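Undergrad: Below is the sequence, then the predicted model.
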Amino acid sequence: MAVVDAKLEKGESIAMENQRGITVLKWKDKRDVLVLSTKHSNGKRTVLKKGRAIKKPKIILAYNEAKSSVDMSDQMTSYSSPLRKTVKWYKKLAVELILNTALVNVWIMYKENKNTNQSIVQFRRQLVEYLVDSGVDKENCEQQERPKRMKHELLKKEGPVAKLRRFCVGCYKENVKTHGSKVARNKTKKVVTYCKNCPGAIYYCLQCFNKSHRYL
């Protein structure tokens, strides 16, 4: 391509525009600079550099201006950044957009509105303090005591075993499901162990007690 392969002296430029309005431009500064644009053609503008007037392509000037804004935004977001190395890439993207880019935009608008020179770090800290305080009712904030969990224990009835034995409720229910109530009465074992905190002090064997109290 003629533009890409062109040999230029410092300060020279060459450009071509296709039928779709895309301009490709090559400009020689310290090194070759190659750019594409759908906005600018091969126009030039006179600027001052180190006290002397030089002509630069408008494409290059527009790029430098936009780049400086991006660099400034990157610099602002780098101060007290919430990003961490261990965060996964998609989380980094969300954090960057919400807690960095959006925050810098809000900070700029805040400075213009309030006519203040508050730094981005101070603004970030002030915003965090406001968000934390807005979710707390300081006057009526009372720490509620969590209800104590009732401790279930398997205890043994004291006294004559023959008189105290009862069907294990867990075993009886399983046997009723499998064999019916008549067979269950003969098949279910009797125990003297019970849970004192279950309503009615239910009798359980150790296996059924553990099974029924698994999520308590």
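TA: That came through fine. Numbering: from 1, shown residues only.

Undergrad: can we go C-alpha only for contacts and neighbour counts from here?
TA: OK.

Undergrad: can you tell me how far the most centrally placed residue in the chain sits from Leu34?
TA: Most central in the chain under Cα atoms, centre = their mean is Lys91, positioned 5.0 Å from the mean C-alpha point. The gap separating Lys91 from Leu34 is 35 Å, by Cα to Cα, to the nearest Å.

Undergrad: circling back: tell me which residues touch the residue nearest to the centre of the chain, please.
TA: With contact set as Cα atoms under 8 Å, 6 or more residues apart in numbering, Lys91 has no partners.

Undergrad: so which strand or helix has it?
TA: helix 89-95 (DSSP states H and E).

Undergrad: for the following helix or strand past that helix, packing partners?
TA: Going down the chain from helix 89-95, the next helix or strand is helix 102-114, by DSSP H and E. Packing partners of helix 102-114 (3 or more Cα pairs under 8 Å, 6 or more residues apart in numbering; DSSP states H and E): helix 58-78, helix 120-134.

Undergrad: weakest of those helices by average pLDDT?
TA: Of all the helices and strands packed on helix 102-114, the minimum mean pLDDT falls on helix 58-78 (a mean of 64).

Undergrad: Does the one helix or strand Ala162 maps to pack against any helices or strands, and if so which?
TA: Per DSSP H and E, Ala162 falls inside helix 161-164. Where contact means 3+ Cα pairs under 8 Å, 6+ apart, helix 161-164 is not packed against any helix or strand.

Undergrad: so for that helix, what's the average pLDDT?
TA: Mean pLDDT, helix 161-164: 84.

Undergrad: Send over that helix as CSV, restricted to the C-alpha atoms.
TA: C-alpha atoms of helix 161-164 as CSV (Å, rounded to 0.1, in the frame of the first residue of the first chain):
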residue,chain,number,x,y,z
VAL,A,161,-35.4,-50.7,82.6
ALA,A,162,-38.4,-53.0,82.0
LYS,A,163,-40.8,-50.3,83.1
LEU,A,164,-39.1,-47.4,81.3
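
Undergrad: Any chance you could list what contacts that helix?
TA: So helix 161-164 is contacted by Lys157, Val192 (Cα under 8 Å, 6+ apart).

Undergrad: let's see it at 10 Å
TA: Contact partners of helix 161-164, identified using Cα atoms under 10 Å, 6 or more residues apart in numbering, comprise Lys156, Lys157, Glu158, Lys190, Val191, Val192, Thr193.
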